[in-house]
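1. I would like the atomic coordinates for the input below:
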Amino acid sequence: MNDGVNGVALTVFILFFLAVTVMGFLAARWRKADNEHSLDEWGLGGRSFGTWITWFLLGGDLYTAYTFVAVPAAIYAAGAAGFFAVPYTILVYPLIFTFLPRLWSVSHKHGYVTTSDFVRGRFGSKGLSLAVAVTGILATMPYIALQLVGIQAVLDVMGIGGGENTNWFVKDLPLLIAFGVLAAYTYSSGLRAPAMIAFVKDTLIYIVIAVAIIYIPIKLGGFDDVFHAASQKYTAAKAGGLVPLEAGQWTYATLALGSALALFMYPHSITATLSSRSREVIRRNTTILPLYSLMLGLLALLGFMAIAAGVKVTNPQLAIPQLFEDMFPDWFAGVAFAAIGIGALVPAAIMSIAAANLFTRNIYKDFIKPDATPAQETKVSKLVSLLVKVGALVFVLTMDKTVAINFQLLGGIWILQTFPALVGGLFTRWFHRWALLAGWAVGMVYGTFAAYGVASPTQKHFGGSAKEIPGIGEIGYIGLTAFVLNLVVTVVLTFVLRALKAPDGVDETRPEDYTADAGDPGVQTELPPATAGSSH
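-> Now for the predicted structure:
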């Protein structure tokens, strides 16, 4: 690793960073609304984004700096098992094609800003809504932290901040500056800022991957040599090589399936979805988003290239930034580092907005100040988005990076437990609200305690997300096991509660709400001030 500062790469990185910073602040004037003091405007961009903006926003949401760093890092460290991210992003698109348009329609009809808004309206249960909101916030926090880890990896490779013995303030100052800029333009521009910056971020990532997938193998002697070098390393390490070991195939399959079910349960993915202007925009996006999966497959190959290039790092998360540093000319290494850095800013902004919307709508308004005006909601959401980012920053600066990664894995286990309430509610009212709440609680408790009992070489607890599946004996993804328990409890208790004639909550939705589009009669295209902050 470079001991000095790569001046050329740093200059290019700073130029791109300054450009997106200016764009972030200018975004406040982009499609400026008549009423800026509305959560619809600040938190959902006025629900006005078309196909391409939504595509870039969703891509910026789901394919983050951490994806850029971690997916090939997993392959660099563990072999083909790291490819699980590719099939799960393929599995997810048919799934979301079935339910995202329905969620958009009912949310647009009733002015829902969050998934918890929908759950409360569908099942008439503030308790279930609160459970979904708290889960979303908890799962999002470590995810934001990992975006900052991605920026930190790039800064480390560029030699910024000094060595381990440097004063902590000097070492972390670049990250603090990046955080401050992110916080400032998110506060002022809301969702419009990451929507505008996502164009730059995704364009840079596509350029970097296209160049890397051609240029680096040529320098290394071709793909035959790349795969041969990787195979030799895995064989020597008995890590399974280019095919996952038989013992790990259950883990691979359950992790891919569980991750696919969980991906669009995250609040930030729903925030990007609800910001679009029509149901048809969502349907089109579910058909063109697989282009990102193609990019992800190519990105994963960088892990093999890092092995063939002889990259040696103590932290696998540094493998790809170090590969770029070693293989690219300095100026293009700066472009690649900028792609990763900006790839952290976009999702971190969307995630903090999504978490803030959940707190404002489903905790502050539902339980603290039910008569909050739209302006008060917006103010609270802006402040909470700052607090969420501060929490993520503290998490990164005070905890070991491995801990941050494993807490993000725990977040995936948690967020999957909201699937029955959200997706189930979009298609049926049969599930009883109390059964859904009990199922969620069982899934959360099992998933947390099972993950707590997993050790790793560096951690006694929360060392991974795979454990023996009860009754099967194979090692599988804890989140999927917890989800199955959740679903079983929900179904059994629903039968019991319906037999006992336990009272249902009031459903404020109607069947036609789930297929309504923006131009349909009775569908609100712009919420008036009197209803913008209301759940009814």
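
2. Low-confidence regions, this structure specifically.
-> 1-3, 31-36, 60, 161-171, 238-245, 400-404, 519-536 (pLDDT under 70).

3. Would you mind finding the longest helix in it?
-> Counting residues, the longest helix found in the chain (DSSP state H) is helix 126-158.

4. Which positions within that helix qualify as buried?
-> 126, 128-158 (16 or more other CB atoms under 10 Å). (Glycine included, C-beta is placed from N, CA and C.)

5. quick one, what contacts A502?
-> Residues in contact with A502, defined by CB atoms under 8 Å, 6 or more residues apart in numbering, are H432, W434.

6. In a strand, it, correct?
-> No. Looking at A502 with DSSP: H, G, I helix; E, B strand; the rest coil, it is coil, so not inside a strand.

7. how close does it get to G121?
-> 20 Å (CB to CB, to the nearest Å).

8. Could you do I160 as well?
-> Noted for I160: a distance of 48 Å to G121, by CB to CB.

9. gap between stretch 360-371 and the chain center?
-> Averaging C-alpha positions (CA atoms, centre = their mean, to the nearest Å) puts stretch 360-371 25 Å from its chain's average.

10. Counting neighbours, which bits of it end up buried?
-> T360, R361, N362, I363, Y364, K365, D366.

11. isn't the last one right next to L130, touching?
-> Yes. In terms of CB atoms under 8 Å, D366 counts as a neighbour of L130; the distance is 7.1 Å.

12. For V211, grab the count of nearby residues.
-> 14 (other CB atoms under 10 Å).

13. how far away is the nearest residue to A85 once chain neighbours are set aside from Q249?
-> Closest residue to A85 apart from its sequence neighbours, by CB to CB, 6 or more residues apart in numbering: V71 at 5.0 Å. Counting by CB to CB, the gap from V71 to Q249 is 19 Å.

14. which one of these two has more residues nearby?
-> Neighbour count, other CB under 10 Å: between V71 and Q249, V71 has more, with 23 against 15.

15. More neighbours: which of I160 and G121?
-> For I160 and G121, the more surrounded residue by other CB under 10 Å is G121, and the numbers stand at 25 against 18.

16. Can you dump the C-alpha atoms of the host helix or strand of that one in PDB for me?
-> Using DSSP states H and E, G121 maps to helix 115-123. Provided in PDB are the C-alpha atoms of helix 115-123 (Å, rounded to 0.1, in the frame of the first residue of the first chain):
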ATOM      1  CA  THR A 115     -44.100   1.600   4.600                       C
ATOM      2  CA  SER A 116     -45.300   2.100   8.200                       C
ATOM      3  CA  ASP A 117     -47.900   4.600   6.900                       C
ATOM      4  CA  PHE A 118     -49.300   1.800   4.700                       C
ATOM      5  CA  VAL A 119     -49.200  -0.800   7.400                       C
ATOM      6  CA  ARG A 120     -51.100   1.500   9.800                       C
ATOM      7  CA  GLY A 121     -53.700   2.300   7.200                       C
ATOM      8  CA  ARG A 122     -54.100  -1.300   6.000                       C
ATOM      9  CA  PHE A 123     -54.400  -3.000   9.400                       C
END
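
17. Run through the neighbouring helices and strands of it.
-> Helices and strands touching helix 115-123, by 3 or more CB pairs under 8 Å, 6 or more residues apart in numbering; DSSP states H and E, are helix 85-110, helix 126-158, helix 419-427.

18. the inter-axis angle of it versus helix 126-158?
-> 160 degrees (axes from the mean of the first three to the mean of the last three CA atoms, to 10 degrees).

19. Other residues contacting helix 115-123?
-> 103, 106-107, 110-112, 125-126, 128-130, 132-133, 136, 265, 267, 270, 358, 361-362, 366, 418, 421-422, 425-426, 429, 431, 433, 436, 504-505, 507-509, 535-536.

20. hang on, isn't E474 packed against W250?
-> Yes. Between E474 and W250 there is a contact under CB under 8 Å: 4.0 Å.

21. For the helix or strand encompassing V281, enumerate the helices and strands it packs against.
-> Element membership for V281 (DSSP H and E) is helix 279-288. Applying 3+ CB pairs under 8 Å, 6+ apart, one finds that helix 279-288 makes contact with helix 51-62, helix 85-110.

22. Buried ones in stretch 413-428, by neighbour count?
-> Buried, per 16+ other CB under 10 Å, within stretch 413-428: 413-426.

23. Kindly report the same for stretch 296-311.
-> Applying 16+ other CB under 10 Å to stretch 296-311 flags 296-309, 311 as buried.

24. What's the end-to-end length of it?
-> 21 Å (CA to CA, to the nearest Å).

25. Tell me where the chain has strands.
-> Here the chain has its strands, by DSSP state E, at 466-468, 475-477.
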